[in-house]
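J.: Predicted model and sequence below, questions to follow.
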Amino acid sequence: MATLEIRDLHVTVEADNATKEILKGVDLTVKQGETHAIMGPNGSGKSTLAYSIAGHPKYTITRGTVTLDGEDVLEMSVDERARAGMFLAMQYPVEVPGVSVSNFLRTSATAMRGEAPKLRTWVKEVKTAMEDLQMDPAFAERNVNEGFSGGEKKRHEILQLELLKPKIAILDETDSGLDVDALRQVSEGVNRVHASGEVGTLLITHYTRILRYIKPDFVHVFANGRIAESGGAELADKLEAEGYEAYTKGGASA
């Protein structure tokens with residue numbers, strides 16, 4: 001069973017000609033088949049955690065470890081992390097002009113699987129996944145995220161997730177900017193992946209609305225660059241009722 005282990009993670013970023021510490025000692029374990037929801041106010045460090053694990057050069061890790069199945073993730077390049085089984089669905093997916101969705105997906109699958117998928121089988125895989133997400137087949141010939149609506153970008157991220165089948169998926173505010181129908185379609189995609197039991201999911205969100213569709217095994221409250229509290233799905237209900245004030249009033253947000 002694949003396991004992502006984060007221990008005493010400290011991360012800084014350069015801002016306004018100063019070094020600012022964002023993460024101040026994060027400990028977290030995510031196992032294959034589990035869904036963990038990370039919740040917290042703006043600026044608490046949720047997205048910093050996601051991008052630091054993925055290897056974004058903006059963030060400097062000053063202390064701590066991140067391992068996947070005992071292998072040092074922090075020593076890997078970004079593409080090595082992806083091939084090892086790490087997946088990041090970004091809050092703001094970038095456009096890739098000149099690269100079609102179909103070519104992008106098949107190239108990514110080839111990198112993950114170590115060989116190109118057989119074309120006939122692959123076409124069926126993509127068609128089925130797109131139908132499940134209620135995506136127009138013509139979507140496959142468009143350039144990656146170019147001119148996509150917010151909902152189309154997020155469905156494309158989940159399409160990648162379903163086809164690539166990583167060990168650990170980090171979903172950074174996947175619910176951001178989605179209407180009710182798109183939220184339901186995206187959530188159903190995440191649930192299909194979860195049902196396989198093959199993917200550990202780290203779901204980062206501000207709000208509980210996506211948790212009406214995706215039931216987490218664990219909920220973690222992020223505040224001031226740390227995990228302030230962990231619990232089951234009932235913790236999300238507490239946050240819905242009471243907000244984050246109890247976690248942030250003791251110090252400024254990171």
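T.: In hand now; what should we look at?
J.: alpha carbons only for contacts and neighbour counts from here, please
T.: Fine.
J.: quick one: the helices in the chain?
T.: 46-54, 78-84, 101-113, 119-132, 150-164, 180-195, 234-242, 245-248 (DSSP state H).
J.: Please name whichever of those helices is nearest to Arg63.
T.: If you check each of these against Arg63 by C-alpha to C-alpha, helix 46-54 wins as the nearest, at 12.0 Å.
J.: how far is that closest one from where the chain is centred?
T.: Relative to its chain's centre, helix 46-54 lies at 9 Å (C-alpha atoms, centre = their mean, to the nearest Å).
J.: same for that helix, what does it pack against?
T.: With contacts defined as 3 or more C-alpha pairs under 8 Å, 6 or more residues apart in numbering; DSSP states H and E, the secondary structure elements packing on helix 46-54 are strand 18-31, strand 59-68, strand 86-89, strand 168-172.
J.: contacts for that helix?
T.: Under the criterion C-alpha atoms under 8 Å, 6 or more residues apart in numbering, residues 11, 22-23, 38-40, 59-61, 66, 73-74, 78, 81, 86-88, 170, 172, 204, 222 lie in contact with helix 46-54.
J.: Can you say which of these are buried?
T.: Burial by neighbour count, judged by 16 or more other C-alpha atoms under 10 Å, picks out 11, 22-23, 38-40, 59-61, 66, 73-74, 78, 81, 86-88, 170, 172, 204, 222 from those.
J.: what residue ranges in this protein score low on pLDDT?
T.: Counting by pLDDT under 70, the chain contains low-confidence residues at 250-254.
J.: give the contact list for Ala82.
T.: Contacts for Ala82 were tallied using C-alpha under 8 Å, 6+ apart; they are Met112.
J.: rerun that using 10 Å as the cut-off
T.: With contacts defined as C-alpha atoms under 10 Å, 6 or more residues apart in numbering, the neighbours of Ala82 are 54, 76, 88, 108, 111-112, 166-168.
J.: Now the two most distant members of the residues you listed.
T.: Based on C-alpha to C-alpha, the longest span within the contacts of Ala82 runs between Met76 and Ser108 and measures 17.7 Å.
J.: For the two, indicate the residue with more neighbours.
T.: When Met76 is set against Ser108 and neighbours are counted by other C-alpha atoms under 10 Å, the residue ahead is Ser108, at 18 against 14.
J.: Pull the contacting residues for the nearest residue to Val190 once chain neighbours are set aside.
T.: On the basis of C-alpha to C-alpha, 6 or more residues apart in numbering, the spatially nearest residue to Val190 that is not a chain neighbour turns out to be Ile158, at 6.9 Å. When contacts are counted by C-alpha under 10 Å, 6+ apart, Ile158 is found next to 89, 129-130, 133, 152, 164, 171, 174, 185-190, 193.
J.: same thing but at 8 Å, please
T.: Counting by C-alpha under 8 Å, 6+ apart, Ile158 touches 89, 186, 189-190.
J.: so how far is Asn145 from Gly98?
T.: When C-alpha to C-alpha, to the nearest Å is applied, the distance between Gly98 and Asn145 equals 11 Å.
J.: same question but for Val26, I mixed them up
T.: Separation of Val26 from Asn145 (C-alpha to C-alpha) stands at 32 Å.
J.: Pull the number of nearby residues for Arg106.
T.: By the measure other C-alpha under 10 Å, the count of residues near Arg106 is 21.
J.: From Met112, how far out is it?
T.: For Arg106, the distance to Met112 equals 10 Å [C-alpha to C-alpha].
J.: just Thr48 next, same as before
T.: Thr48 sits 25 Å away from Met112 when distances are taken as C-alpha to C-alpha.
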